[in-house]
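Peer 1: One predicted model, sequence on top.
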Amino acid sequence: MKKGSGLTGYILKVVLLVIIGTGLTEALASTGRLQPDLIFRLIPPFLFGIFSVVFHKVLLDAIAGRPQRFVSVFMGLTGLKMFVHLLVMLAVAFLYPEIAVHFIALYAVYYLVFTVFEIVSLMPLVRTNSSGPQT
């Protein structure tokens with residue numbers, strides 16, 4: 001039950017982060033400093049929110065199942081996540097070159113914010129599930 005409530009709390013934090021990010025993005029767009037259309041401004045926060053929840057769920061399962069596998073699962077998922085996000089940026093850059101710079105800058109900011117959020121959220125879980133000092 002504790003694991004589910006932790007995931008629920010994490011989902012609520014992700015939703016809050018998506019709402020704040022969308023609000024800040026729209027505030028920036030209203031000043032005219034951000035070119036992409038509304039759909040290109042809304043894709044990043046929701047895409048990152050979905051990936052973040054899935055990433056967290058898989059890592060929770062990895063910690064609960066066999067904590068020794070956590071590092072391998074974490075590195076594999078991080079690499080996969082980075083590759084998928086790179087593909088999204090490349091697809092937008094090639095298909096919509098007129099908004100590429102603004103979209104990639106926005107996407108990079110979201111990537112940084114969500115990556116920091118995911119790692120900070122995982123740190124207490126890793127500490128409580130560690131089996132002792134690592135050598």
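Peer 2: Structure's in. What do you need?
Peer 1: how many other residues sit next to L60?
Peer 2: Neighbouring residues of L60 were enumerated by other CB atoms under 10 Å; the total is 18. Backbone N, C-alpha and C define where each C-beta goes, glycine included.
Peer 1: Please determine how far it is located from V113.
Peer 2: 21 Å (CB to CB, to the nearest Å).
Peer 1: so where's the protein uncertain?
Peer 2: Low-confidence segments of the chain, defined by pLDDT under 70: 1-5, 67, 129-135.
Peer 1: mind listing the helices for this protein?
Peer 2: Listed from the start of the chain, the chain has helices (DSSP state H) covering 2-30, 38-65, 70-95, 100-129.
Peer 1: just the ones you listed: most buried one?
Peer 2: Burial of those is given as mean neighbour count (mean count of other CB atoms under 10 Å); helix 38-65 ranks first at a mean of 17.
Peer 1: Report all helices and strands that that helix contacts.
Peer 2: Identification of packing neighbours for helix 38-65 by 3 or more CB pairs under 8 Å, 6 or more residues apart in numbering; DSSP states H and E yields helix 2-30, helix 70-95, helix 100-129.
Peer 1: so who does V92 touch?
Peer 2: Each residue near V92 by CB atoms under 8 Å, 6 or more residues apart in numbering is listed here: F40, I99, A100, F103, I104, Y107.
Peer 1: which non-adjacent residue is nearest Y110?
Peer 2: Counting by CB to CB, 6 or more residues apart in numbering, P44 is the residue found nearest to Y110 once chain neighbours are left out, at 4.5 Å.
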